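>>> Got a predicted structure plus its sequence, pasted below:
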Amino acid sequence: MEHFLDFSVISDNFTYFMIGRFPHGPLGGVGLTMYLAVVACILSFFGGLILGLLSISRFYFVRYPALAFINLVRGMPLLMVIFWMYFLMPALFGKVAENNTVIMALTLFTSAYMSRIVVAGIEGIPKGQTEAAVSTGLAPWQVMLYIVLPQGLRNMIPSFVNQFVSLIKDTSLAFIVGVSELTHVATQINNRTMAFPTEIFMFIALVYFIICYAFTSLSRWLEGRLSWSKVT
Amino acid sequence: MIIFQGVHKWFKDLHVLNDINLHITSGEVLVVCGPSGSGKSTLIRTINELEPISDGKLIVDGMDLSDKSTDINKLRAEIGFVFQQFNLYPHLSVIRNITLAPTKIRKMSKKDAEDEAMLLLTRVGLADKRNAYPTQLSGGQQQRVAIARALAMKPRIMLFDEPTSALDPEMIGEVLEVMKDLARSGMTMVVVTHEMGFAREVAHRVAFMADGIILEKAAPEEFFLRPQHPRAQQFLRQLLTPMQAESNGSNFSHHHTKEDVK
Ligand SMILES: Nc1ncnc2c1ncn2[C@@H]1O[C@H](COP(=O)(O)OP(=O)(O)O)[C@@H](O)[C@H]1O
Ligand SMILES: [Mg+2]
């Protein structure tokens, strides 16, 4: 092995990098990374929507706790939240799979950020829309449901995709609690083979980059496609 | 039908409505005019509580707006409001713009609501646009859809806040025609407008506002021929002389769009 770079370590372990021991064992590698990101993304979409709506509620006893929670989470490193969930959830609910503690942590963390996107999306809808809708007699919740959210969510899609890209990168922190996503798989293979850290970490950097770049491009493309030709 | 008794409105320190006393009877068409910033929009917006009043008494269709227990959504359903900027819902087709409120509030079936909407669209001359989206329509067409949308709730009162000020001159006529028809059908209407032709033809009374005060209330011919207050005389002079000359070009509408957009 006199070569400067020897990528045979990648090709030898390629399936393991991509899907871990699946289908004979648990999903791992890129597959698990995407699984964590997708599930957490779907959950934090709803989490962010609910938190966002609560944080602009007319009632202060709803609004204040929501804002406190959002600010608390945003003021914490994600790694902390992951540790918290890792130790807290089993204490509260008995045995919880590590994957799920990580999904929970990512969801809590991302929901707080998504809620700001939701609020910005709602506030971006011209006031005339709400005024026209309430003038026909629609109740505030109906205005939100039929007029503001449909328009707002559409405007939020590019930001949601960006948030999803952050999530993909954030899943790498899950390696610290032994969840075998891509970064964890890489450290495992590195520990086992010892000789190819450069190759291994170059490779996973490239994998992260390709996935994230694809979604960032998608987001940029959507931004162009989704803008209303002209509103009001 | 609409009774203002000593109504005041402040925006912080700004006294926008100053002791408004006004009695609008059922079937009356009232035109409100006055210089920009005089409080016309604020006045008309208090009637469906888009702006709550600060002091005084306001009774609309038998409901007291100063009373907290008044069901404001119910009242708004009885009042149509037409905006300067149309405010159609851009994500919904023309027909859905019109049927949304009747189906959600009046619990009408989709079929019945659409049948009624088609009658209204025919009335405003846009039956062929039922599946179009607002952005595909001209300003005049959008405003006519907005009127149809307001009418779909079968309101007892219609409010118009400068409905033609954002329109290109060649589209003003089509919207005024629809409004004149409505006025002749006996609808109670409050119309903020500088279209004096409209006022002459169908208004029963004209109210002139300046600095939050209604300075003059009179029948249209009375108001146009013998304005009493100096501010009203000055306003009419400005409206009829320099702007009349410009109104052939597009300056007229641009001028108003800009200053009233806020
Ligand atoms: N939401 C608001 N907050 C503060 N000031 C306002 C608000 N709406 C209107 N105003 C002010 O109140 C005055 C009257 O406004 P408006 O009723 O829109 O006049 P008009 O329709 O006659 O042009 C203006 O000076 C305007 O700047
Ligand atoms: Mg105005």
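Good, I have the coordinates. Ligands and ions are numbered 1, 2, ... in the order given.

>>> show me where the chain has helices.
Picking chain A for this. A:8-12, A:14-19, A:29-55, A:60-74, A:78-93, A:98-123, A:127-135, A:140-143, A:149-170, A:182-193, A:197-226 (DSSP state H).

>>> Hmm, no, I was thinking of chain B.
So, for chain B - with DSSP H - the helices run B:40-47, B:72-77, B:94-104, B:110-123, B:139-151, B:169-184, B:196-202, B:220-225, B:230-240, B:242-246, B:251-260.

>>> Identify whichever of those lies nearest to ligand 1.
Closest to ligand 1 of the helices of chain B is helix B:40-47 (C-beta to the nearest ligand atom; 3.2 Å). (C-beta placed from N, C-alpha, C; glycine too.)

>>> so, in contact with ligand 2 or not, the closest one?
Yes - for helix B:40-47, a contact with ligand 2 is found by C-beta under 5 Å from the ion, at residue B:41.

>>> Tell me if that helix is near ligand 1.
Yes - for helix B:40-47 and ligand 1, the contact criterion (C-beta under 6 Å from any ligand atom) is met by B:40, B:41, B:42.

>>> so how far is that helix off the chain centroid?
9 Å (C-alpha atoms, centre = their mean, to the nearest Å).

>>> cool, and stretch B:149-160?
For stretch B:149-160, the distance to the chain centre is 10 Å (C-alpha atoms, centre = their mean).

>>> Over to stretch B:142-157?
That offset, for stretch B:142-157, works out to 11 Å (C-alpha atoms, centre = their mean).

>>> middle-most residue in chain B, spatially?
residue B:160 (0.7 Å; C-alpha atoms, centre = their mean).

>>> close enough to count as contact, it and residue B:180?
No - applying C-beta atoms under 8 Å, one finds residue B:160 not in contact with residue B:180, separated by 11.8 Å.

>>> got any residues that touch both of the two?
Taking C-beta atoms under 8 Å, 6 or more residues apart in numbering or on different chains as the criterion, residue B:160 and residue B:180 do not both touch any residue.

>>> Next, the contact list for the residue of the stretch 51-200 of chain B found nearest ligand 1, please.
Scanning the stretch 51-200 of chain B for the residue nearest ligand 1 gives residue B:192, at 6.6 Å (criterion: C-beta to the nearest ligand atom). The contact partners of residue B:192, taken as C-beta under 8 Å, 6+ apart, are B:31, B:32, B:33, B:40, B:41, B:43, B:44, B:160, B:161, B:162.

>>> How about residue B:99?
Applying C-beta under 8 Å, 6+ apart, the residues near residue B:99 are B:108, B:110, B:113, B:114, B:116, B:117, B:152.

>>> go with 6 Å
Counting by C-beta atoms under 6 Å, 6 or more residues apart in numbering or on different chains, residue B:99 touches B:113, B:114, B:117.

>>> for the stretch 101-250 of chain B, which spans come out with low pLDDT?
B:242-250 (pLDDT under 70).

>>> Can you get me a residue count around residue 43?
Reading this off chain A. If you count neighbours by other C-beta atoms under 10 Å in any protein chain shown, residue A:43 ends up with 17.

>>> Chain B was what I was after
Neighbours of residue B:43 using other C-beta under 10 Å come to 28.

>>> so how far is chain A from it?
To chain A, residue B:43 is 15 Å away according to C-beta to the nearest C-beta, to the nearest Å.

>>> Which pLDDT does the model give that residue?
At residue B:43, the pLDDT value in this model is 98.

>>> Give me the pLDDT for the nearest residue to it once chain neighbours are set aside.
In space, and not counting its chain neighbours, residue B:43 is closest to residue B:17: 6.1 Å by C-beta to C-beta, 6 or more residues apart in numbering or on different chains. Looking at residue B:17, its pLDDT stands at 98.

>>> Tally up the residues packed near residue B:17, please.
25.

>>> I'd like the helices of chain A laid out as TSV, including mean pLDDT.
Shown next, in TSV, are these (pLDDT from 0 to 100):
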stretch	mean pLDDT
helix A:8-12	93
helix A:14-19	95
helix A:29-55	97
helix A:60-74	97
helix A:78-93	94
helix A:98-123	96
helix A:127-135	98
helix A:140-143	96
helix A:149-170	94
helix A:182-193	95
helix A:197-226	92
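
>>> Ok, which of the ones you listed comes nearest chain B?
Nearest of the helices of chain A to chain B, taken as C-beta to the nearest C-beta: helix A:127-135 at 3.8 Å.
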